[in-house]
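1. quick one, structure for this:
(chains A and B)
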There are 2 protein chains.
Amino acid sequence: ADGAALYASKGCAACHGADANTPIMPIYPKLGGQNAQYALNQMKDIKSGARNNGQTAAMKAIVASVTDEELQAIAEWLAAQ
Amino acid sequence: ADGAALYASKGCAACHGADANTPIMPIYPKLGGQNAQYALNQMKDIKSGARNNGQTAAMKAIVASVTDEELQAIAEWLAAQ
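-> Below you'll find the model as predicted:
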C-alpha cells in the first residue's frame, strides 16, 4: 500500500492539508512527523469507536473505507513528513 | 500562567519529552507544533472523560491537577515548539 497515494485518495488531505500539517481548522490536528504507532492507534480507535471525542465523527466516516493495512501505510507516511 | 513551567512541573515532560517531541514510547504522541486549540480540546476531553481511548488513563491522572487556564497556557506553549 502506498501511504502517500492513500492519504490523497481517501480524503485525508481535505481536512489535514496536502502536507498533513496544514489542517483547515485549528480544532484539527497536525499529523506530519507524528509517531506512526500513535497515529495508527488513533485511526483504529476512531474506526472502532473506542475514540469518539471532538470531531472524530468526520474521521469515522472516512476511515470506515480504509483497511487496517492501508491505515498502517498512511501512518508510516505521516511519520515521515 | 507560564506554559513552559507548567509543562515541566505538571509531569508532561516525563512522557512527552522536554521538547514535547521526544515521547518515551511510540504509542505516545509528539506534541510540539500542534495546533493549540486541538491540543487544548484533547486535554479537556481527557480530563472530562470524553476521550478515554488508548493510554489516556495516565493522562487523566495528570490533568486532574491542572486547571483549564493552565491547560490553555500549556497548549499555547506546545504550539510554539
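
2. which stretches of chain A have low pLDDT?
-> For chain A, applying pLDDT under 70 flags no range at all.

3. which residues of it fall in helices?
-> With DSSP state H as the definition, chain A shows helices at residue ranges A:3-9, A:12-16, A:36-48, A:56-63, A:68-79.

4. distance to chain B and mean neighbour count added to those, as TSV?
-> From N, CA and C alone the C-beta is placed, and that goes for glycine too. Converted to TSV, the helices of chain A look like this (distance: least, CB to the nearest CB, whole Å; neighbours: other CB atoms under 10 Å in any protein chain shown):
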stretch	distance to chain B	mean neighbour count
helix A:3-9	17	16
helix A:12-16	11	17
helix A:36-48	4	20
helix A:56-63	9	16
helix A:68-79	9	20
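
5. could you dump these to TSV with distance to B:Pro26?
-> Formatted as TSV, the entries for those read as follows, by distance: least, CB to CB, whole Å:
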stretch	distance to B:Pro26
helix A:3-9	17
helix A:12-16	20
helix A:36-48	4
helix A:56-63	20
helix A:68-79	9
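
6. what's the closest of these to B:Pro23?
-> For the helices of chain A, the distance to B:Pro23 is smallest for helix A:36-48, at 7.8 Å, taking CB to CB.

7. what packs against the closest one?
-> Of the remaining helices and strands, those touching helix A:36-48 by 3 or more CB pairs under 8 Å, 6 or more residues apart in numbering or on different chains; DSSP states H and E are helix A:56-63, helix A:68-79.
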